[in-house]
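K.L.:
Following is a predicted model, sequence given first.
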Amino acid sequence: EVQLVESGGGLAQAGGSLRLSCVASGFTFADYAIGWFRQAPGKAREGISCINRSNSSTYYAESVKGRFAISRDNSKNTVYLQLNSLKPEDTANYYCTARRILCAAYGLTYDYRGQGTQVNVSS
């Protein structure tokens, strides 16, 4: 059974930090790029970051560039998303996805996704 399980969300103050984790199982993790998405109530989902399977390339949406950092540990089937300098507009459900494609072509579709972890940022 394929699973992507996120953790690390919670409540943070503006300017604070959180570290999200995504643990994968049930597929060959090292063969997949991993993308993080977020969605706030009433808003469209947003792809915010992606990391290629070999850690060679990372991508960020303009809205998070310079504040968030993605990394992966293929030995642990885990991807991390470090959230720094948080803003109230970062409040959303964050979920990780997997797709067997390069990040440059990732788009808004994916092969697998997790349920997400909620991030709430207070002003």
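P.N.:
Perfect, thanks for sending it. The structure presented is a predicted model; accordingly, all values stated were derived computationally and were not measured. Numbering: from 1, shown residues only.
K.L.:
going forward, measure contacts and count neighbours with C-alpha atoms only.
P.N.:
Noted.
K.L.:
residue boundaries of the strands in the chain?
P.N.:
Secondary structure of the chain by DSSP state E: the strands cover 3-7, 10-13, 18-25, 33-39, 46-51, 58-60, 68-73, 78-83, 92-99, 112-113, 117-122.
K.L.:
from the middle of its chain, how far away would stretch 106-118 be?
P.N.:
Centroid displacement of stretch 106-118 relative to its chain, using CA atoms, centre = their mean, to the nearest Å, is 8 Å.
K.L.:
meant to ask about stretch 69-78, not that
P.N.:
On CA atoms, centre = their mean, the centre of stretch 69-78 falls 11 Å from that of its chain.
K.L.:
Measure how buried residue 78 is and give me the count.
P.N.:
20 (other CA atoms under 10 Å).
K.L.:
Relative to residue 45, how far out is it?
P.N.:
The gap separating residue 78 from residue 45 is 22 Å, by CA to CA, to the nearest Å.
K.L.:
Return the residues in contact with the residue nearest in space to the middle of the chain.
P.N.:
Nearest to the geometric centre of the chain sits residue 36, at 2.6 Å (CA atoms, centre = their mean). Residues near residue 36 by CA atoms under 8 Å, 6 or more residues apart in numbering: 47-50, 94-97.
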